[in-house]
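S.K.: What follows is a predicted structure for the sequence shown.
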Amino acid sequence: MTEVKIPNHIMRFKSAVLGCRYNLDGEALYSVKWYKDGHEFYRYVPRDKPPGQAFPLPGVNVDVRNSSDTKVTLRRVTLMSTGLYKCEVSGEAPAFNTVSESETMTVVRVALSGVREFNYAANDDTQNATVCISRFWWEFYRSIADS
């Protein structure tokens with residue numbers, strides 16, 4: 001397995017691209033399978049027609065047309081899409097060497113109402129709390145944009 005690339009955090013209703021790069025050292029590819037919390041939801045077998053196939057799983061809506069052996073695209077993720085995602089790559093017979101790697105993806109809901117206003121009196125430290133909350137949300141959204 002070379003690399004599994006799964007967004008750590010993603011906003012609800014966005015598309016998520018899960019990446020799985022591999023090197024079979026000259027061995028032919030038998031299959032690439034994707035799991036969420038231990039349940040298979042996508043399989044790519046080059047010999048099958050079509051090679052990509054999705055399986056129903058709550059919270060997982062696979063865009064098969066934009067998925068392949070190296071990536072899976074999930075449409076409109078929901079809070080139920082949060083979980084542990086695993087990519088499993090198997091080589092062809094006779095060895096069927098298999099490697100896998102997992103990462104967690106968390107779907108977040110964006111508060112549309114913004115930061116709540118606080119009432120504070122002069123010489124009161126709640127103003128600092130408002131600044132801290134604003135700073136937290138700024139850092140949070142910046143980290144999502146960077147991933």
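M.R.: Everything's here; your move.

S.K.: How far does stretch 41-55 stretch from one end to the other?
M.R.: 5 Å (C-alpha to C-alpha, to the nearest Å).

S.K.: Which residue comes closest to residue 29 once chain neighbours are left out?
M.R.: Leaving aside its sequence neighbours, residue 29 sits nearest to residue 46 (C-beta to C-beta, 6 or more residues apart in numbering; 5.8 Å). Yep, even glycine has a C-beta here, placed from its N, CA and C like the rest.

S.K.: how deep is that neighbour tucked in, by neighbour count?
M.R.: Neighbourhood size, residue 46 [other C-beta atoms under 10 Å]: 14.

S.K.: got a list of what residue 88 touches?
M.R.: For residue 88, the contacting residues are 31-35, 98-100, by C-beta atoms under 8 Å, 6 or more residues apart in numbering.

S.K.: Let me fix that, I meant to ask about residue 29.
M.R.: Contacts for residue 29 (C-beta under 8 Å, 6+ apart) come out as 46, 69, 89-92.

S.K.: most neighbours, which of those residues?
M.R.: Counting neighbours by other C-beta under 10 Å, residue 89 comes out on top of the contacts of residue 29 with 25 neighbours.

S.K.: what comes up buried for the longest strand seen in the chain?
M.R.: Once the chain is assigned using DSSP state E, the strand that runs over the most residues is strand 98-108. With burial defined by 16 or more other C-beta atoms under 10 Å, the residues of strand 98-108 counted as buried are 101-102, 105, 107-108.

S.K.: I'd like those laid out as a markdown table, including pLDDT.
M.R.: Output for the buried residues of strand 98-108, formatted as a markdown table (pLDDT from 0 to 100):
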| residue | pLDDT |
| --- | --- |
| 101 | 96 |
| 102 | 97 |
| 105 | 98 |
| 107 | 97 |
| 108 | 96 |
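
S.K.: For residue 81, state which of those residues is nearest.
M.R.: residue 107 (4.9 Å; C-beta to C-beta).

S.K.: Any idea what the closest one is bridged to?
M.R.: Taking DSSP bridges, one obtains residue 10 as the residues bridged to residue 107.

S.K.: Check residue 39 too.
M.R.: residue 36.

S.K.: from memory it sits against residue 57, does it?
M.R.: Yes: Residue 39 is within contact range of residue 57, at 5.5 Å (criterion: C-beta atoms under 8 Å).
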